[in-house]
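Visitor: Here is a sequence with its predicted model. Questions after.
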Amino acid sequence: MFIIVHTDKCTEIAQKIANEFEDTRLVPVMSALSDPESLGDFDNLGLVFEREEKDLPSSMQAFIKTVLSDYDLSGLQYMFSACVCDGSPAHALKIVEKLCARVGCAPSLSTTVSPDASVEEIATLVGRIRSGEIQLAKGSLGTMWYMKAHGIKVK
């Protein structure tokens with residue numbers, strides 16, 4: 001099962017990504033915050049969010065800090081994070097990686113998706129997810145160093 005947690009502003013992009021997978025369910029981040037059990041069981045996780053100024057939306061930060069930190073991630077195969085924005089999302093993606101590292105789960109793929117993503121752009125993203133070259137905790141070098149320096153092990 002693939003779960004894609006998304007902010008309200010990114011529902012359309014999350015739906016486009018979900019349409020490319022067979023066994024996928026979308027979960028709005030606010031639903032996951034109010035009812036963590038709404039996630040159910042999943043093998044793969046995607047986070048789709050917009051950039052707020054240079055930062056990550058507070059709802060997505062709260063989701064990672066409260067829901068993912070209490071969730072059993074031992075069966076998680078891989079995860080991705082996608083910042084839906086024009087321009088550079090570098091700071092927002094770094095925050096996602098750092099927060100996820102704190103809960104023992106570094107994103108394998110952190111990338112940008114344009115707000116008006118074409119079919120080709122979504123297909124390229126999904127191709128990268130499906131390729132098998134992504135594996136849990138193969139996130140950025142900075143995230144891996146952070147995890148190692150703080151004694152955080154991948155769940």
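Guide: Alright, I've got the coordinates. Numbers count the residues shown, from 1 in each chain.

Visitor: Could you tell me whether residue 5 really is in a strand?
Guide: Yes - counting by DSSP: H, G, I helix; E, B strand; the rest coil, residue 5 falls inside a strand.

Visitor: So it is in contact with residue 45, correct?
Guide: Yes - using CB atoms under 8 Å, residue 5 is in contact with residue 45, at 7.1 Å. The way it works is simple: take the backbone N, C-alpha and C, and place the C-beta from them, glycine included.

Visitor: Can you show me the helices along the chain?
Guide: Per DSSP state H, the chain carries helices over the ranges 11-18, 29-34, 58-62, 69-70, 90-102, 119-130, 141-149.

Visitor: Lowest average pLDDT across these?
Guide: Mean pLDDT is lowest for helix 141-149 among those, at a mean of 54.

Visitor: right, so of the helices of the chain, which gets closest to residue 108?
Guide: helix 119-130 (8.6 Å; CB to CB).

Visitor: from the middle of its chain, how far away would that closest one be?
Guide: 15 Å (CA atoms, centre = their mean, to the nearest Å).

Visitor: tell me the angle it makes with helix 11-18.
Guide: Put simply, helix 119-130 runs at 60 degrees to helix 11-18, going by axes from the mean of the first three to the mean of the last three CA atoms, to 10 degrees.

Visitor: helices or strands up against helix 119-130?
Guide: If you count contacts as 3 or more CB pairs under 8 Å, 6 or more residues apart in numbering; DSSP states H and E, helix 119-130 packs onto helix 11-18, strand 78-84, strand 109-113.

Visitor: Could I get those in CSV, plus columns for distance to residue 69 and mean neighbour count?
Guide: Formatted as CSV, the helices and strands packed on helix 119-130 follow (distance: least, CB to CB, whole Å; neighbours: other CB atoms under 10 Å):
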stretch, distance to residue 69, mean neighbour count
helix 11-18, 22, 19
strand 78-84, 14, 25
strand 109-113, 19, 19
